[in-house]
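Asker: following is a predicted model, sequence given first.
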Amino acid sequence: MRIATAAYPLDVLANWGEYESKIDDWIGAAAGQGADLAVFPEYGAMELATLDGPEVAGDLERSVQAITRRIAEVDDLHSRLAAQYRVHVLAASAPVFDADLGPRPVNRARLFTPAGGVGVQDKQIMTRYERDPWGIVPGGPLRLFDTAIGKIGVLICYDGEFPLLARALRAAELILVPSCTEAHAGYTRVRIAAMARALETQCVTVMASTVGAAAWSPAVDENTGTGGIFAPPDTGFPPTGVIAEGTLDQPGWTVADVDLDQVARVRADGGVLNRLHWGEQAGRDAEVTSLRLD
């Protein structure tokens, strides 16, 4: 299969047609390069708030309300384009209010298939900024999506830094890590986490990033990153664990071919068997003893 992962710039949009054309162009470009899966980043949907003007886009609460009002139309667009271009699409995550989950918004990614399937994954663990001042809260549970191109899990940005979340998705062959990071250090944390999750779970991880300045929003005003596709550094995969990686802060798709059969082979008979040996940690973490050395 071929994967395209985005380094995605956030724009000030004059009207809905401009947004529609942008998403069409991006998905069309990924499909034009033969992609079976296109991955957009965390909080890429923040640009939708600019459709309601600069005052709304610059207000944390009002911007979420504006995006929530448009999210059904956004999802219809992505579903139509996934079918039109015959590509699976992880849409850019969006902060949305969901009355079924409580009074505060969640950070939600949505996966669309060419056949019309739709799955949602909410972020599980909030960063400091999401907690305060923004007030974003954890949403619904982790989900494993069984698709025509493989078993897919989604760990949104900071979630990727927690190995037990990836362990819960250990049946996944692909773990998608849409991210939004302000500084180079933040990008590096998520990149290292994505590579670690690929090592531990013996799967392929796919990181997408927002890039560039968006001074109109206090939530996404500065963005650093690029697309990356990672694997366990084991038989049949690159010895660095890096299948493909874009140029830092340069917008566009990073595209690479991935053989998911190789995931099964490494899990069964790799140079190491991290996924199989995971349980051997239990108990040993309680056996730490203290020894003074002078």
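Answerer: Right, received. Where do you want to start? Residues are numbered from 1 along each chain as shown.

Asker: show me the strands in the stretch 51-200 of the chain, by range?
Answerer: 88-96, 106-112, 118-122, 144-147, 150-154, 174-179 (DSSP state E, counting those that start in this stretch).

Asker: Thr147 and Ala35, how far apart?
Answerer: 14 Å (Cβ to Cβ, to the nearest Å). Using the backbone N, CA and C atoms, a C-beta is placed for each residue, glycine as well.

Asker: that older thread, please identify the deepest-packed of the strands of the stretch 51-200 of the chain.
Answerer: Across the strands of the stretch 51-200 of the chain, averaging neighbours per residue (mean count of other Cβ atoms under 10 Å) puts strand 174-179 on top, at a mean of 29.

Asker: tell me which strands that one pairs with, and in which orientation.
Answerer: strand 150-154 (parallel), strand 204-213 (parallel) (DSSP bridges).

Asker: relative to strand 118-122, how tilted is it?
Answerer: On the basis of axes from the mean of the first three to the mean of the last three Cα atoms, to 10 degrees, strand 174-179 is oriented at 60 degrees to strand 118-122.

Asker: closest one to Gln121 among the strands paired with strand 174-179?
Answerer: Gln121 lies closest to strand 150-154 among these, at 4.0 Å (Cβ to Cβ).

Asker: export only the CA atoms of that closest one, formatted as CSV.
Answerer: Extracted C-alpha coordinates of strand 150-154, given in CSV (Å, rounded to 0.1, in the frame of the first residue of the first chain):
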residue,chain,number,x,y,z
GLY,A,150,-5.4,-3.0,7.2
LYS,A,151,-6.1,-2.6,10.9
ILE,A,152,-5.6,1.0,11.9
GLY,A,153,-5.4,2.8,15.2
VAL,A,154,-5.1,6.5,15.9
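
Asker: next, the angle from that strand to strand 88-96.
Answerer: Using the same axes, to 10 degrees, strand 150-154 lies at 20 degrees relative to strand 88-96.

Asker: run through who's touching strand 150-154.
Answerer: 1, 90, 109, 111, 121, 142-145, 166, 169, 171-178, 260 (Cβ atoms under 8 Å, 6 or more residues apart in numbering).

Asker: how about 6 Å then?
Answerer: 109, 121, 144-145, 169, 171-176, 260 (Cβ atoms under 6 Å, 6 or more residues apart in numbering).

Asker: quick check: buried residues in stretch 14-23?
Answerer: Of all the residues in stretch 14-23, those buried under the rule 16 or more other Cβ atoms under 10 Å are 19-20, 23.

Asker: could you do stretch 245-258 as well?
Answerer: 245-246, 249, 251-256, 258.

Asker: between those, which sits nearest Asp132?
Answerer: Once Cβ to Cβ is applied, the member of the buried residues of stretch 245-258 that ends up nearest Asp132 is Asp249, at 28.0 Å.

Asker: what count of nearby residues applies to Thr188?
Answerer: 13 (other Cβ atoms under 10 Å).

Asker: so how far is Ser209 from it?
Answerer: 11 Å.

Asker: what about the helices in this structure?
Answerer: 16-32, 54-57, 60-85, 128-129, 163-168, 184-201, 260-269, 274-277 (DSSP state H).

Asker: now for the third one, which elements pack on it?
Answerer: Looking back up the chat, that one is helix 60-85. Other helices and strands packing on helix 60-85, by 3 or more Cβ pairs under 6 Å, 6 or more residues apart in numbering; DSSP states H and E, are helix 16-32, helix 54-57, strand 88-96, strand 106-112.

Asker: just put these in CSV and tack on mean pLDDT.
Answerer: What follows is these, written out as CSV (pLDDT from 0 to 100):
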stretch, mean pLDDT
helix 16-32, 98
helix 54-57, 98
strand 88-96, 98
strand 106-112, 98
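
Asker: of those, which is nearest Leu81?
Answerer: Using Cβ to Cβ, the nearest of those to Leu81 is helix 16-32, at 4.7 Å.

Asker: so which elements touch the closest one?
Answerer: Going by 3+ Cβ pairs under 6 Å, 6+ apart, helix 16-32 lies up against helix 60-85.

Asker: so where is the stretch 1-150 of the chain shaky, pLDDT-wise?
Answerer: By pLDDT under 70, the stretch 1-150 of the chain has no low-scoring segment.

Asker: OK, contacts around the closest residue to Asp249 other than its chain neighbours?
Answerer: Nearest non-adjacent residue to Asp249, counting by Cβ to Cβ, 6 or more residues apart in numbering: Val211, 5.0 Å away. The neighbours of Val211, taking Cβ under 6 Å, 6+ apart as the test, are 7, 9, 223, 225, 249, 251.
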